[in-house]
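J.: prediction below, plus the sequence it came from.
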Amino acid sequence: MFTLLLRQYNASGRKKRRKPISASFIVSLSIFLAIALASAFAPIFATHDPNKNELASSLAMPSALHWLGCDQNGRDIYSRLLYGGRTALLGAIGVVGISIALGIPLGLLCGFYGGLLDRIAMSVCDIILAFPTLLLALIFVAAFGRGLNISIIALGIVYVPMLARLSRSLAIVEKNKPYVQACIALGYSPARIIFKHILMNCISTISVQLSMDIGYAILDLSALSFLGLGVLDPTADWGAMLSQGRLYIMQNPMLSLAPGAAIVLITVSINIFSDCLRQYLDSSQAKLPSFEKFDRQERHKHG
Amino acid sequence: MIATIAAIAVLVFFTVRLSPSDPIASITKGKTVSADTRQALIEQFHLDKSLSEQFIIWLNGMFHGDLGESYQYRQSVSFLIKQRVSTTLGLAALATSIAFALSIPIGIISAVMQDSFIDKALSVFALVFVASPTYLIAIAFMYIFALKLKMFPSIGTGTFRHLVLPASAMALNMVALSARITRQSMIDELQSAYMLTANAKGLSKARAVLVHALRNALIPVITIASLQMGGMLIGAVLVETVFAMGGLGDLLISSIRSSDYPVVQAITMLMVAIFMLLSLLVDILYAVIDPRVRNTA
């Protein structure tokens, strides 16, 4: 009987209302995929070696040879743009990957078990959230030295609390539902309940947050590189290209405009995509209280 | 809150001190010095003591308004901060005012004229500027208004004219985000039952929207704004770099680059303190706007 109940619950949870996919969903996804493919196959699409200095064509204007011109060292902007996309996307995936690996298990365990673990973990999260977004990442970079890997790890840690709190509040909602009682009665191990059943029921909300986080991670990583704390020369990166390009803006504005446009384009497409994803995955989620509101309600309940 | 600040002080101090770089190299700017000078410097900056002793010296100094001495400038940190804090605070204050002055009217207009051409144009504007990094807007503003049109000075600080471009660049990001939130929450409020009541008892549309609906619609806007405040401080760091304004942000970045721990620690603590103070103010503001918060507390 319990198994039946469980099966019904899972079935109703997984049943999706078929909704037409909106045009903006397709457009944003294809722009994102186009940029991702262009970066992934950068060696094929690039016209020049991104790191080769050709001082003769230093600060060259856009031409048939160099489609977007060259930077101060005579490196081809178009080719660097493609390789910069690799840095941005791989970096963002790294940041979000770290926050998934730490944040989701932590949040689910805290939400499911509560108690001391929950209190300690949540106060650590509060401490991290007390820092303005990038500031903590700046300190980590100050302590462990500059570089792309350090920036990715630092930002990954900074992104953990938001994800942990989201999955915690979802786990609290889920653990009081009958299917979890059914699982416990069937004698499933807590690990199986948490990571198979509860996680599966939270995954749509979490995936929306993750898709937004990719956009934020691209912005934050490029900001660190812009400040000269992220990637080190000569690695191609949009933030670093912007930062160097602004010094030569009067000679060739394309030096900063092109990477800037790339950042805006990819972030806009990710934002629209995650908006559409949220609407598509579950229309009933629109009626749930916002995360902040829910968190406040929970705190009131528990004093 | 006190416990959080204490925990943050521990975190900031020990993270920064984990740095593998040699502080003496940072003090002497990489020059080699005699063993005697080196020993004297080590003693002067308490580098011979254990980390926990150094932490207590730093904490004790903070309570007495002494933030230590900068490695790279060899000046007291509180003096360096005092010189620069007004630029950063002025920038943040002006940016926040611009953001609120623009985003709330934009949000109201697009909510009232929902799905009109103006609403759609404004949402495209919001979509693009939410996704634009602050420093990109700053560079674009500098290029257009300072270098091409020569309406404002491009770099430096001192007068109000110097603040206009950086503050607008910082504000634009926040305008886009809070205009979207204002629009959404205004639309929700406009559909509520009390708007029907207001209409039924013959209130003018302007009064119903601006007095009744706006008050309720502002609550989520303030929540987002308080989260954005931290972003504003970071935005100031980025914008100051672009416009070479010599504020706290500039100082922070140059100190991180040259491992100037005392300055990094002090500015970080200051920024966290400002951020927490602003969050506290927002909580108080909730109670002012929403009487229900007052009653439950």
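T.: Perfect, I can see it now. Residues are numbered from 1 along each chain as shown, chains lettered A, B, ... in the order given.
J.: so where is chain B shaky, pLDDT-wise?
T.: B:30, B:295-297 (pLDDT under 70).
J.: in it, what residue lies closest to chain A?
T.: In chain B, no residue comes nearer to chain A than residue B:230, which is 3.0 Å away by Cβ to the nearest Cβ. From N, CA and C alone the C-beta is placed, and that goes for glycine too.
J.: I'd assumed residue B:277 was in contact with that residue.
T.: No: the pair residue B:230 / residue B:277 is not scored as a contact, 11.8 Å apart, by Cβ atoms under 8 Å.
J.: neighbour count winner among these two?
T.: residue B:230 (23 against 12; other Cβ atoms under 10 Å in any protein chain shown).
J.: ok, and the closest non-adjacent residue to that one?
T.: residue A:132 (3.0 Å; Cβ to Cβ, 6 or more residues apart in numbering or on different chains).
J.: next: residue A:272.
T.: Nearest to residue A:272 is residue A:28, by Cβ to Cβ, 6+ apart, at 3.9 Å.
J.: check what pLDDT that neighbour gets.
T.: Looking at residue A:28, its pLDDT is 90.
J.: next, the contact list for it, please.
T.: With contact set as Cβ atoms under 8 Å, 6 or more residues apart in numbering or on different chains, residue A:28 has these partners: A:268, A:269, A:270, A:272, A:273, A:276.
J.: by neighbour count, which of those wins?
T.: Counting by other Cβ under 10 Å, top hit in the contacts of residue A:28: residue A:270 with 26 neighbours.
J.: now do the same contact list for the residue nearest the centre of chain A.
T.: Nearest to the geometric centre of chain A sits residue A:214, at 2.1 Å (Cα atoms, centre = their mean). Residue A:214 sits next to A:92, A:93, A:96, A:270 when contact means Cβ under 8 Å, 6+ apart.
J.: backbone dihedrals for it, please?
T.: phi -60, psi -40 (degrees, to the nearest 10).
J.: what's the spacing between it and chain B?
T.: Per Cβ to the nearest Cβ, to the nearest Å, residue A:214 is found 12 Å from chain B.
J.: and residue A:193, by the same measure?
T.: The gap separating residue A:193 from chain B is 33 Å, by Cβ to the nearest Cβ.
J.: so, low pLDDT: which residues of the stretch 201-303 of chain A?
T.: Residues of the stretch 201-303 of chain A that meet the criterion pLDDT under 70 lie in A:282-299, A:301-303.
J.: right, I mislabeled it, should have said the stretch 1-150 of chain A
T.: Across the stretch 1-150 of chain A, the ranges flagged by pLDDT under 70 are A:1-20.
J.: how many neighbours does whichever residue of it sits closest to chain B have?
T.: At 3.0 Å from chain B, residue A:132 is the closest residue in the stretch 1-150 of chain A, using Cβ to the nearest Cβ. Number of residues near residue A:132 (other Cβ under 10 Å) recorded here: 25.
J.: can you pull the contacts of it?
T.: With contact taken as Cβ under 8 Å, 6+ apart, residue A:132 is in contact with B:229, B:230, B:231, B:232, B:233, B:234, B:271, B:272, B:275.
J.: same thing but at 6 Å, please
T.: B:230, B:233, B:234, B:275 (Cβ atoms under 6 Å, 6 or more residues apart in numbering or on different chains).
J.: which helix or strand contains the third one?
T.: Think residue B:234. Using DSSP states H and E, residue B:234 maps to helix B:214-243.
J.: may I see the buried residues of that helix?
T.: The neighbour-count check on helix B:214-243 (16 or more other Cβ atoms under 10 Å in any protein chain shown) flags B:214, B:216-243 as buried.
J.: neighbours of the closest residue to chain B within the stretch 151-300 of chain A, how many?
T.: Nearest to chain B, among the residues of the stretch 151-300 of chain A, is residue A:267, at 3.6 Å (Cβ to the nearest Cβ). By other Cβ under 10 Å, the residues close to residue A:267 number 24.
J.: now swap in residue B:151 and tell me
T.: So residue B:151, with other Cβ under 10 Å, has 11 neighbours.
J.: show me what contacts it?
T.: For residue B:151, the contact set (Cβ under 6 Å, 6+ apart) comprises residue B:145.
J.: coming back round to it: closest to residue B:115 out of the contacts of residue A:132?
T.: residue B:230 (33.6 Å; Cβ to Cβ).
J.: measure the closest one to residue B:66 for me?
T.: Computed as Cβ to Cβ, to the nearest Å, the residue B:230 to residue B:66 distance reads 27 Å.
J.: next, see if the longest helix anywhere in chain B gets close to chain A.
T.: For chain B, the helix reaching the highest residue count under DSSP state H is reported as helix B:77-112. No: if you take Cβ under 6 Å from any Cβ of the partner chain as the test, helix B:77-112 misses chain A, and the best it gets is 11.1 Å.
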